[in-house]
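Student: Take this sequence and fold it.
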Amino acid sequence: MKVRLVASIVLIVVALGFAFYCLWRVESTAQTLAEALETAMVAAHTQAPNWQEATDEVVRLWESQRAFLHILMPHQNINELEWAIGALPFYLELGDVDLFVEHSVRGLQCLNTIREMERPTLGNIF
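Tutor: Numbers count the residues shown, from 1 in each chain. Alright, predicted model coming up:
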């Protein structure tokens, strides 16, 4: 009896630890991607010379975190984010600032949705 109680407590602690790790990882990944997207969007809007580097940084960050987010998050949200980020280099080559900014905003909206879905609120729990 005592061993079962200890084992169940250990399992609960491990499960809670993993849940909070996933929460922290998704939040930090979304924050990093959002900051990079905002930097690229401002660079595009002002026609700054670092527009290319900022876009490359967004794509590099996305490629490094995509697999992890696909495991944890609903695929519809991740696919929308992938579509928005994937279009950025194309609009960069075309020099179309308006569409670049539009897709950056769409990516930011997807990231905000992902962050809201991961927060431990009563609405998300129940």
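
Student: residue closest to the middle of the chain?
Tutor: Ala30 (3.4 Å; Cα atoms, centre = their mean).

Student: Tell me how far the host helix or strand of that one lies from the chain's centre.
Tutor: Ala30 is part of helix 2-45 when elements are defined by DSSP states H and E. Put simply, helix 2-45 sits 11 Å off its chain's centre (Cα atoms, centre = their mean, to the nearest Å).

Student: for it, packing partners?
Tutor: helix 51-72, helix 75-94, helix 97-118 (3 or more Cβ pairs under 8 Å, 6 or more residues apart in numbering; DSSP states H and E). All C-beta atoms are positioned from the backbone trio N, CA, C, and that covers glycine.

Student: Tabulate the ones you listed in a markdown table, adding columns for mean pLDDT.
Tutor: Putting the helices and strands packed on helix 2-45 into a markdown table (pLDDT from 0 to 100) gives the following:
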| stretch | mean pLDDT |
| --- | --- |
| helix 51-72 | 89 |
| helix 75-94 | 89 |
| helix 97-118 | 89 |
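
Student: Find the one among these with the highest mean neighbour count.
Tutor: helix 97-118 (a mean of 18; mean count of other Cβ atoms under 10 Å).

Student: what's in contact with that helix?
Tutor: With contacts defined as Cβ atoms under 8 Å, 6 or more residues apart in numbering, helix 97-118 is touched by 22-23, 26-27, 30-31, 33-34, 37-38, 40-41, 44-45, 47, 69, 73-74, 77-78, 80-81, 84-85, 87-88, 91-92, 124.

Student: Thank you, goodbye.
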